[in-house]
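Asks: Give me a 3D structure for the following:
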Amino acid sequence: MQVTIPRIVIAGTHSGCGKTTIASGLMAALTERGLRVQPFKTGPDFIDPTHHTAICRRVSRNLDSFMMGETGVQRTFASSSGGADIAVIEGAMGLFDGIDGTDIASTAHVARILHAPVILVVDASAASRSVHAVIQGFQNFDPRIRIAGIIFNRIATGKHRDMIAAEQFVPALGWIPRQRGNEVKSRHLGLFMAHESGAMGTFGQIIRESCDIDTILDIARNAPFQTDPPSKKAPTVNRRAVIGVARDDAFCFYYQDNLDRLVRAGAEIRFFSPLQDPMPEADALYIGGGYPELHAQKLEDSRCRHSIQEMADKGMPIYGECGGLMYLCRSVAVDREYKMAGVLPAGAEMTKTIQALGYVNGKYQGRPGLWAGAASLRGHEFHYSRVECDPDARFTIRLARGNGIQNGKDGLFEKNTIGTYTHAYFSDTFCRHFVTAAADFRRNR
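Replies: Model prediction:
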């Protein structure tokens, strides 16, 4: 079957060139026109998709060929774009930047998988005619990628624009003036989340005034036919267990695909806030990454941490990632030491420098009696913290790539609780194990 979803990739020459604000502004401008925009983000980023989702009112999905595989990228794109008028895909880093200096997991790789035309964002703030040398280099680097147009960002004056426009090798689709004072603020893990700043949505007006939106739409609508990947027949699923998912300002990093896969495996998802809610009626817990260090006092004061410790002692399956791992430890040291849930035999501390950044793959080692089985693992790690484990600490994940908690070991566990630094893209096997363990706990408690 062939699908003709209009689609466009907004890519950059490098990180920091302004592609996130331009992609978000384009989404806002198209939404304001009454179009149903399906947003996507290449790579493993959690933060930019929150801005997309707030603007488009459709859940933004990650497209990552390392974590998902090429077929996985196609499936997520096709299944998520149903009912949309156009898909806008924001790239990551520079267009051709992939894993270990290769093409894999680059924005170009995703564009190639989806046969999607690319609009290249070029930061012109410190150059004029020289930008054309950069553009021609990008245009000729990989003939499989179609760069359909350029958006020039950070144009200083009308004269600056005229100097660049004197020559044109790829059609210019936008001239964005230099913006001061309305940027989205950043912190140690990236931009502020969408619920903390609505600034991204304000860029719609700038895109309307500065870009040729009609031509951008024509480019998206003339994207080549794409073969729809073989779909997995969705089985009829009986709800077997309830999984409580922590979601608030402290725990906010989740892939929507992970939650969907848990539901397909038989879970009912029940969101709760460890900052302010009691622990929900649930058969298992999933505590994602985020910013527990920014809310350490409230997490220490909340009764929820005591309830989680009690249920962990009874054998409830609990899975925590990065910030969730830190919360499941005995304490987190920020400006001082704050008490956390005390489930895992370790203490966490924030650091001033980054401790790990990159893709991860490995395998659960199938420890006897531990619910995770021998599922494979793909994901990424990014954190400014370290976890100091007790000498007798046990791990259930061995990484072929990545740091983990220590020396390639991840998945610190105690009873039926597992904590990892890896932000995993869940496999179907992992989800079946997790939901089955939750259902077993439900029956036996």
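Asks: what are the ranges of the helices in the stretch 201-350 of the chain?
Replies: Listed in chain order, the helices of the stretch 201-350 of the chain (DSSP state H, counting those that start in this stretch) span 203-210, 213-221, 256-264, 296-301, 304-313, 323-328.
Asks: Name the residues that touch the second one?
Replies: Read it as helix 213-221. Applying CB atoms under 8 Å, 6 or more residues apart in numbering, the contact partners of helix 213-221 are 6-8, 26, 29-30, 33, 86-87, 117, 119, 148-149, 171, 173, 207. Every C-beta, even on glycine, is put in place using the N, C-alpha and C of the backbone.
Asks: One more pass at 10 Å, please.
Replies: With CB atoms under 10 Å, 6 or more residues apart in numbering as the contact definition, helix 213-221 has outside contacts at 4-10, 26, 29-30, 33, 35, 85-88, 116-119, 146, 148-149, 151, 171-174, 207, 212.
Asks: Which of the residues you listed fall in strands?
Replies: Members of the contacts of helix 213-221 lying in strands (criterion: DSSP state E): 7-10, 86-88, 118-119, 148-149, 151, 172-174.
Asks: of all those, which comes closest to His109?
Replies: For the ones in strands among the contacts of helix 213-221, the minimum distance to His109 (CB to CB) is 10.9 Å, reached by Val9.
Asks: Tell me what the closest one is bridged to.
Replies: Ile89, Val118 (DSSP bridges).
Asks: Quick one: residues contacting it.
Replies: 19, 23, 40, 42, 63, 87-91, 95, 107-108, 110-112, 114, 116-120, 145-148, 220, 223 are the contacts of Val9 under CB under 10 Å, 6+ apart.
Asks: ok so, going back, got the helices of the stretch 201-350 of the chain as a markdown table, with mean neighbour count and distance to Tyr421 columns?
Replies: Formatted as a markdown table, the helices of the stretch 201-350 of the chain follow (neighbours: other CB atoms under 10 Å; distance: least, CB to CB, whole Å):
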| stretch | mean neighbour count | distance to Tyr421 |
| --- | --- | --- |
| helix 203-210 | 19 | 33 |
| helix 213-221 | 17 | 38 |
| helix 256-264 | 19 | 16 |
| helix 296-301 | 17 | 18 |
| helix 304-313 | 18 | 19 |
| helix 323-328 | 30 | 6 |
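Asks: Dump those helices to TSV, plus distance to Gln179 and mean pLDDT.
Replies: Shown next, in TSV, are the helices of the stretch 201-350 of the chain (distance: least, CB to CB, whole Å; pLDDT from 0 to 100):
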stretch	distance to Gln179	mean pLDDT
helix 203-210	7	92
helix 213-221	18	97
helix 256-264	30	97
helix 296-301	34	97
helix 304-313	41	97
helix 323-328	31	98
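Asks: With respect to Arg432, which of those helices lies nearest?
Replies: Distance to Arg432, taken as CB to CB, is lowest for helix 256-264 among the helices of the stretch 201-350 of the chain, at 9.3 Å.
Asks: Which elements pack onto the closest one?
Replies: strand 61-63, helix 65-80, strand 241-246, strand 267-272, strand 284-287, helix 428-444 (3 or more CB pairs under 10 Å, 6 or more residues apart in numbering; DSSP states H and E).
Asks: re the thing from before, which two of the ones in strands among the contacts of helix 213-221 have the greatest separation?
Replies: With CB to CB as the measure, no two of those lie farther apart than Ala87 and Ala172, at 23.1 Å.
Asks: Looking at the two, which is more packed in?
Replies: Ala87 (25 against 19; other CB atoms under 10 Å).
Asks: was I right about Tyr425 contacting Cys431?
Replies: No. Counting by CB atoms under 10 Å, Tyr425 does not reach Cys431; the two are 11.1 Å apart.
Asks: Overlap in contacts, the two.
Replies: In contact with both Tyr425 and Cys431: 258, 261, using CB under 10 Å, 6+ apart.
Asks: Residue ranges in the chain under the pLDDT threshold?
Replies: Applying pLDDT under 70 to the chain picks out residues 1-3, 180-201, 227-228, 230-236.
Asks: picking up where we left off before, who wins for neighbours among the ones in strands among the contacts of helix 213-221?
Replies: Neighbour tally across the ones in strands among the contacts of helix 213-221 (other CB under 10 Å): the maximum, 32 neighbours, falls on Val9.
Asks: Let me have the helices and strands packed on helix 256-264 in JSON lines, extended by distance to Asn403 and mean neighbour count.
Replies: Formatted as JSON lines, the helices and strands packed on helix 256-264 follow (distance: least, CB to CB, whole Å; neighbours: other CB atoms under 10 Å):
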{"stretch": "strand 61-63", "distance to Asn403": "21", "mean neighbour count": "26"}
{"stretch": "helix 65-80", "distance to Asn403": "17", "mean neighbour count": "20"}
{"stretch": "strand 241-246", "distance to Asn403": "24", "mean neighbour count": "24"}
{"stretch": "strand 267-272", "distance to Asn403": "30", "mean neighbour count": "17"}
{"stretch": "strand 284-287", "distance to Asn403": "20", "mean neighbour count": "26"}
{"stretch": "helix 428-444", "distance to Asn403": "20", "mean neighbour count": "19"}
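Asks: Including distance to Gly408, could those go into JSON lines?
Replies: Shown next, in JSON lines, are the helices and strands packed on helix 256-264 (distance: least, CB to CB, whole Å):
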{"stretch": "strand 61-63", "distance to Gly408": "25"}
{"stretch": "helix 65-80", "distance to Gly408": "18"}
{"stretch": "strand 241-246", "distance to Gly408": "27"}
{"stretch": "strand 267-272", "distance to Gly408": "30"}
{"stretch": "strand 284-287", "distance to Gly408": "23"}
{"stretch": "helix 428-444", "distance to Gly408": "19"}
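Asks: of all the ones you listed, which lies closest to Ile55?
Replies: strand 61-63 (14.3 Å).
Asks: which helices and strands sit right next to the closest one?
Replies: Strand 61-63 sits against strand 37-42, helix 47-56, helix 65-80, strand 86-90, helix 107-113, helix 256-264, with contacts defined as 3+ CB pairs under 10 Å, 6+ apart.
Asks: got those as CSV, with distance to Gly379 columns?
Replies: Shown next, in CSV, are these (distance: least, CB to CB, whole Å):
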stretch, distance to Gly379
strand 37-42, 15
helix 47-56, 16
helix 65-80, 6
strand 86-90, 20
helix 107-113, 17
helix 256-264, 10
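Asks: So Cys212 is in contact with Ala148, correct?
Replies: In this structure residue 212 is Asp, not Cys. No. Asp212 lies out of contact with Ala148 (CB under 10 Å); the separation is 11.7 Å.
Asks: okay, and the common contacts of the two?
Replies: Joint contacts of Asp212 and Ala148 (CB under 10 Å, 6+ apart) are 171, 173, 218-219.
Asks: of those, closest to Leu294?
Replies: Leu173 (38.7 Å).
Asks: Enumerate every residue touching the closest residue in space to that closest one that isn't next to it in sequence.
Replies: Spatially, and ignoring its direct neighbours in sequence, Leu173 is nearest to Gly149 (3.8 Å; CB to CB, 6 or more residues apart in numbering). Residues counted as contacts of Gly149 (CB under 10 Å, 6+ apart) are 8, 117-120, 170-174, 211-212, 215-216, 219.
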